[in-house]
Each structure stands twice: as C-alpha cells, then as structure tokens.
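Trainee: Kindly generate the corresponding structure for this input.
(2 chains, ligands or ions: 2)
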Amino acid sequence: MGSAARVLETLVSSGIDRSRIEVLDDRTLLVEVPRNELRNVVATLRRLGARPRTMAACDDRSRDGVYRLLYVYAFDDLGTTTILSVALDPRKPVAPTVIDVDPALDWYELEAWDLMGIEFEGRKLRRLILPEDWPSNLHPLRKDVSIEEMKKLYKPLATWRGLEIGADSVALIPVGPYHPALHEPELFVLYLRGEKVVDIDYLGFMVHRGIEKLAESMTYDKVPFIAERICGICGYAHSVAYCQAVEHALRIEVPDRARYIRTLLLEVERIHSHLLWIGVACHLLGFDTGFMHTWRIREKVMVLAEKLTGSRKMYGINIVGGVRMDIDSDKLSYAEKVIEELRREVPRLISATISVPQVRKRLSGTGILEKSDATRYAVVGPTARGSGVPIDVRKDHPYAAYGELSFRVPTYSEGDNMARTMVRVEELEESFSIVEQTIDALRKVGGWIANEEYEIVPGRLGIGSVEAPRGEDIHVLITDRTTPYRWRVRAPTYQNLPALRAMLRDCDLADAPLTIASIDPCFSCTDRILILDLRTGGVTIRSVRKVVGG
Amino acid sequence: MIHRILALALKSGVATVRYPRQPPILTEEFRGFLVFDPTKCVGCGACTRVCPANAMNLEIRGNEIVVEYFAGRCILCHLCFYACPFGALVATTSFDRTTTNFEDLFDRVAHEGAACPSCGSIHATKRLIQFVDLVLKSEGIEIEDRLRLCPECRRIEALRALNAFRIGMEREGVEHGVE
Ligand code: SF4
Ligand code: SF4
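Mentor: Numbers count the residues shown, from 1 in each chain, chains lettered A, B, ... in the order given. Ligands and ions are numbered 1, 2, ... in the order given. All right, here's what the predicted structure looks like:
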C-alpha cells in the first residue's frame, strides 16, 4: 500500500523531523511531538487536510514517567491515521491549547482537564463532565485514584440536604430533563431574538457510568459486553470498535468468516438505527402515524437480529479475535427473506412519510450546516455527508469485510435537515445490498470464527474505528498484561454536538427540535464516562448537574 | 399525505400483540434467563469466572458453598451457559422477571462444603472433589489425600515434600561424594 510512506513524506516536507516519526504499520504513523511544537504541528496537519478523530489523555507515569496526550488525526483520502504523542511533566502536566488552530478539539481538552487533570495554557478551563460538587483535585482517570477512593471522597450535595431533612437514606430522583428530540437526558438552552435562535448552550454528560475506568480492571474478553452497552441503539459498533482496537494493538488476525459476520451485523444494526431515526423524525413533526409504520417495519429487523444472535439489540457475540457464535444457512436464508421484504416495504414507507409535501417542507432548508463548518467542527457520519464531506470509515479506513464489498457513500451538498435525511434513506439501500453481499460470502467462506491464539504484549497502542449509523466510533487502546491499560472511547455524537451551534444559528425556534434530532444524537454514548451511582453506606445518591457549554 | 399513509395502514393490518394477555413475539433463538439444574451442578465456579456482569457468584456460607445467580444483574449473554462443563445451566427464553419480591430474582444451588483436613477451612464442594478424584483415579492417579487439602495447605505440603526431597538429594550427594 505504502500510504503511510506517502503521509510520512508529506510530514517530513512540511518540516516535521523524520527521526520523530515512527511507522507503526502501513496505515498508522506515530509522531513524537515536543510540547512547544504541538500547536505548529496541529496547524500543519489541519492545513494539510487532516481530520481530528479523537484525543486521549493517558497517565503513563507508571510506564515511562510522564502524562501523555495522544492526538489522533486521519488523512481520509489516503486511509492513514497519524497519532501525535506529547509527553507532559509528571508533577504538573500542562499543555498548550490548540483550539484556536483546531476548534474541533475544544471538548477533548476540557475532558482531559476534568478527568485526567491536564491543564491547557491559553484558554479558560471548566468542568465538562464531572458534577459541580465533585472534589476539585480528584481526577478519576489518574492511575493513583481508585474507584473505592472516589466513592469515599465524593459527597454529593444531596447527602447534606438529606441530613438536613433528617432522612437516614435518600434517593434523589431527577425528573426531566428535557428531551427535545430523543428521550434521553440532555438540556439545550436556546437564546432567541424573536422567533430566531441566536445561540445555544448544551448541558449534558448526565449519565456517566465510569466505564473507561472500570475496564482497566476487566479482562479483555469481558469488555466487549460493557462496550456494547455504551449505546442502546448502535452498541454493536462500539463492541466491534473495541475488539478492533485490541486486535490492532496485539496484531491479531481475525478469520474471514468472523469479519463477514461482524459486517452483516453492523449493517443490520445500521438498518434498524436509520429506520428508528426516520420514525423519530416523523414523531417530532407530529406525524405519529408515520412513526408507527416506520417502527412496524423496523421490528422485522429487530426480530432478524434476535434470530441471528439471540438478542434483539445487545447482540453480545463479539470477542477479541472474532465472534463467538456462527450463523448457519437457515438463518442466512431468513435474513435474505427479511431484506427482500424491506426492499419492498421501505420505498413505500418513504413515499408515505419523507416524500409527502408537508414533511419535505419542514426538512428542506432548515438546520443548515455549511461545508466549511462541517470541516471546522470535524463532524462525522450522515451529518458530514449531508454537508458535502464524503467521509465514511467503511471506505476510507476499511475494517471487517468492507474492503471486499461494493457500496456507494451517498453524499449531499445542501447541508440541511433534508440532506441528512436523504443520506440515511439512501444508506438503507446500500445496507440492504451489503447484507446481501455478506450473505453470499458467508455461504462460501468457511473456516474458524475466532482466533483465540494470541499473545498479550503490554504497552501496545491500538486504534479501532467503525462507521456507526451516526458516524465514526473510534476507540484508542493501550494494552496491559491482563486488562486494558487505557481505553478511550469517542462516539460520533461527541463530535457532532458542538456543530449544532452552527446549525441552529438563525434557525426558527419551531425547527430547533428537528434540527437537534437531525444529527441523530445519542447522549448516553457521548456521556460514556463517569461514576454516577454511589452507594455510600447503603444510600444510593444520584446527582443532577449542569455543565454549561462554552 | 393521508391517502398514502392510509393505503399503507390498510395493507399492513395489525402488527402488535396484546401482551401480556397474548404471548410476546419471541424467536426460539432468544437468549433468556438461566436456571440451575441442581442435579448436575458440582459447584466448580467456572460460570462465575466468565460472567462479565458479576451476576454469578460463589460464596462460602457456613459449611456450605453456594452458587448464586442474580437475575437482576444478568445481561443474558449466556457466557456462563457455554462455560459450564457439566451442563448444569439451563437456558430459557424467559425474559420477564417482574416481581414485587426481591428474592425472586435469585436462583441458588447449595453444596456441602469439604473441610481441609489440615486447617479445617471450607475450600471446595464435596461434589467437585469427588468428581476430580474420580477422573484422576480413572487415569490411575491416586492423590485423594492431597485433593482434600485447601490450596494453601496443599502448597505448604508440596513445599515440605520438595524440601524433604532436596535434603534427601543433598545427603545422597554427600554420601556418594560429588565431583
Ligand atoms: S453451574 Fe456449572 S459452571 Fe457453574 S458452578 Fe455449577 S457446575 Fe460449575
Ligand atoms: S448470562 Fe452472562 S451475565 Fe447472565 S449470569 Fe450468565 S455470564 Fe453472567
């Protein structure tokens, strides 16, 4: 392939020292960047057209005595990932901010501060994730902070309130918030002038569960099950992304049959997810009959998933190295039949929902995200493709069996709610075709479904990325002997939410819920991290908190 | 708008069932809750080691060793079902554990514990030890005494034996003269 070699040449000719670049494999480069050159390098990468994918803060003090930031960039057209590694002082980790040269990294810096205690010079820092009553110098992802210790140190305000009213145990139940779109905990504050939105704040991160920390004490084969629970809609994508990260780090070859089974299920998941979204869009427009019929059809996909895996939604069949259950020919025939039905039913559904004039009118010309903003915020998935940015992990960084299949990446340039809708509608067609292709392949490709003969080498770095229905899921993983040393999850909504600010500006208030929904947000995925349920002496305390957007 | 959706509605008819009065739509592949077959379980604990949700636990309670399944935590992954070497877990397609009694969420098998003849601690089930002994005997290996020891005492015992062996070797070396 040699695309890594090409990126290497480009980087060297842009002034990055050759000796600092390490070629990890033909798709991945690791660049050691001195702290004081970080801003320059980031600016150079952005100028060269690289897309920020994620940033992971790591506590490497026990490994090589430093804190470390890993900035993960992609050259999508070359299918290459470039990781910048910046070592920071173990006593006082401070990094220069890069948000003026790469605005898409705003939340990442706030998160690194909040969870790992890394300071960023040249910007205002605030809490993004932890509750406001969290102890100020307790950064949960640091290796010297244990879960037990956090449970002891965190005394939510509700405790005092409980004592005040003389209760010996308190259950605090937040009622609301506030679902403008999907029924999930999130709060948008819209600033209006008349009927027009002038700005928005997002208050979120209300459902942290601390899974990144938790996984540091779970064996490799148990994590796929918790990874799948990051999202109740496209969790399988997360479980694949996790497994791929471990497989990348430990260079595990996944058998062909397993790659096809994963592909089949990823597309089944996309079909149900896109249908779910079309239903929700109808519901938000007050068109509940359309919602019902979309979900009636989606139900066939849920039953199909159950037939293939044993579960409607939490497929639970991934393990590191492959899958743990095979799909026999009866099930393949059943899947074929369901796809046939969908091919008949979905166009009829679209003509009775999305294509009716009343719906078209609400979708067209609303919630516009310009291409320049899409690139600026580095949005992903249908949100990017609706604004003319033709990125799709399945094509750009092929994984599972996608490299061997043929499919289109539907792209629209209007950037409005209609464009994002049409991307999803056309992707359904593509997914039907991909499922059919994988069924054919699974009838021919035999062999093992898992490779369980691998050696765990500590200190390896792996990247796993998957094109989930909402966009790219990317997991960064560093290995330890029996458990992950660091596991960093980035769900697509994390990347897409900040762009809502651009989409909602000057939008009519009435179009705001639909526009928010148009990125198909998933708040729980975005929120994945912290500990929220606390059991302190039998009291379950749940804190309500606010995080005000920048 | 109306005529298109109406045509669709008339064509598709009723798609839902009147659950709970009618049975739910479930496939036979559905991974439901598990129940123990107490006649087969030996209390080996294999299921507790693979469970990603800590829904399976092995606990020493007095003289007994209890394998406990807590449906409230179970994520229906069926890893335990595949891991059990004795086929002692029965997979059902039941998904509804609605109850007003917390206790209903548990399923348990209690096993008689085996006490270590040396220190008296309960360390495994009698059934497991009998089983292992049987397997070993069929291979011609007779170490029943050692099997009954708890892992800690077994280690001490092994070290003692090793030490005795070494001392023996050294003596022999002295007697025969080492070059
Ligand atoms: S159920 Fe099976 S695996 Fe679990 S303790 Fe009993 S015999 Fe062992
Ligand atoms: S099905 Fe999975 S979660 Fe439930 S007890 Fe078995 S291993 Fe644990």
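Trainee: Would you list the phi and psi of the residue most central in space within chain A?
Mentor: Closest to where the C-alpha atoms of chain A average out (Cα atoms, centre = their mean) is A:A491, at 1.1 Å. Backbone torsions of A:A491, given as degrees, to the nearest 10, read phi -90, psi 160.
Trainee: okay but it is in contact with A:C522, surely?
Mentor: Yes - assessed by Cβ atoms under 8 Å, A:A491 is found in contact with A:C522 at 6.6 Å. Quick note: C-beta positions are derived from backbone N, CA and C, even for glycine.
Trainee: which neighbours do those two share?
Mentor: A:C231, A:R470 (Cβ atoms under 8 Å, 6 or more residues apart in numbering or on different chains).
Trainee: What are the buried residues along stretch A:374-390?
Mentor: A:374-389 (16 or more other Cβ atoms under 10 Å in any protein chain shown).
Trainee: Next: stretch A:189-202.
Mentor: Using 16+ other Cβ under 10 Å as the test for burial, stretch A:189-202 gives A:L190, A:V197, A:I200, A:Y202.
Trainee: Which ones among those map onto strands?
Mentor: If you go by DSSP state E, these have A:L190, A:V197, A:I200, A:Y202 in strands.
Trainee: where in the stretch 151-300 of chain A is pLDDT low?
Mentor: A:169-182 (pLDDT under 70).
Trainee: How about chain B?
Mentor: B:1, B:173-179.
Trainee: returning to what we had before: looking at the buried residues of stretch A:189-202, which two lie furthest apart in space?
Mentor: A:V197 and A:Y202 (13.0 Å; Cβ to Cβ).
Trainee: Please tabulate the ones in strands among the buried residues of stretch A:189-202 in CSV and include distance to ligand 2 as additional columns.
Mentor: CSV is the format used below for those (distance: Cβ to the nearest ligand atom, whole Å):
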residue, distance to ligand 2
A:L190, 42
A:V197, 45
A:I200, 40
A:Y202, 34
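Trainee: Now do the residue located most distally from the centre of chain B against A:S355, distance only.
Mentor: Distance to the chain centre peaks in chain B at B:H3, reaching 58.4 Å (criterion: Cα atoms, centre = their mean). To A:S355, B:H3 is 13 Å away according to Cβ to Cβ, to the nearest Å.
Trainee: per-residue confidence at whatever residue of the stretch 301-450 of chain A ends up closest to ligand 2?
Mentor: Distances between the stretch 301-450 of chain A and ligand 2 by Cβ to the nearest ligand atom are smallest at A:G316, namely 8.2 Å. Listed pLDDT for A:G316 reads 96.
Trainee: residues near it, how many?
Mentor: A:G316 has 25 neighbours, counted by other Cβ atoms under 10 Å in any protein chain shown.
Trainee: Let me see the backbone angles for it.
Mentor: phi 60, psi 40.
Trainee: Would you confirm that it contacts A:E306?
Mentor: No - A:G316 lies out of contact with A:E306 (Cβ under 8 Å); the separation is 11.5 Å.
Trainee: The closest residue to A:E121 other than its chain neighbours: neighbouring residues, count only.
Mentor: Leaving out its chain neighbours, the residue that sits closest to A:E121 by Cβ to Cβ, 6 or more residues apart in numbering or on different chains is A:P96, at 5.2 Å. Other residues within reach of A:P96, judged by other Cβ under 10 Å, total 17.
Trainee: need the helices for chain B, in chain order.
Mentor: Here chain B has its helices, by DSSP state H, at B:2-12, B:46-50, B:79-83, B:126-138, B:144-148, B:151-176.
Trainee: Redo these as a markdown table? Include distance to A:D416.
Mentor: Listed next are these as a markdown table, based on distance: least, Cβ to Cβ, whole Å:
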| stretch | distance to A:D416 |
| --- | --- |
| helix B:2-12 | 23 |
| helix B:46-50 | 49 |
| helix B:79-83 | 46 |
| helix B:126-138 | 66 |
| helix B:144-148 | 73 |
| helix B:151-176 | 67 |
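Trainee: I'd say A:R505 and A:L192 touch.
Mentor: No - with contact defined as Cβ under 8 Å, A:R505 does not reach A:L192; the gap is 11.5 Å.
Trainee: Overlap in contacts, these two.
Mentor: With Cβ under 8 Å, 6+ apart as the test, A:R505 and A:L192 both reach A:V198.
Trainee: so who does residue 35 touch?
Mentor: Since no chain was named, I'll use chain A. So A:R35 contacts A:V86, A:A87, A:L88, A:A95, A:P96 (Cβ under 8 Å, 6+ apart).
Trainee: Hmm, no, I was thinking of chain B.
Mentor: Per Cβ under 8 Å, 6+ apart, neighbours of B:V35: B:Y69, B:L89, B:V90, B:T92, B:D107.
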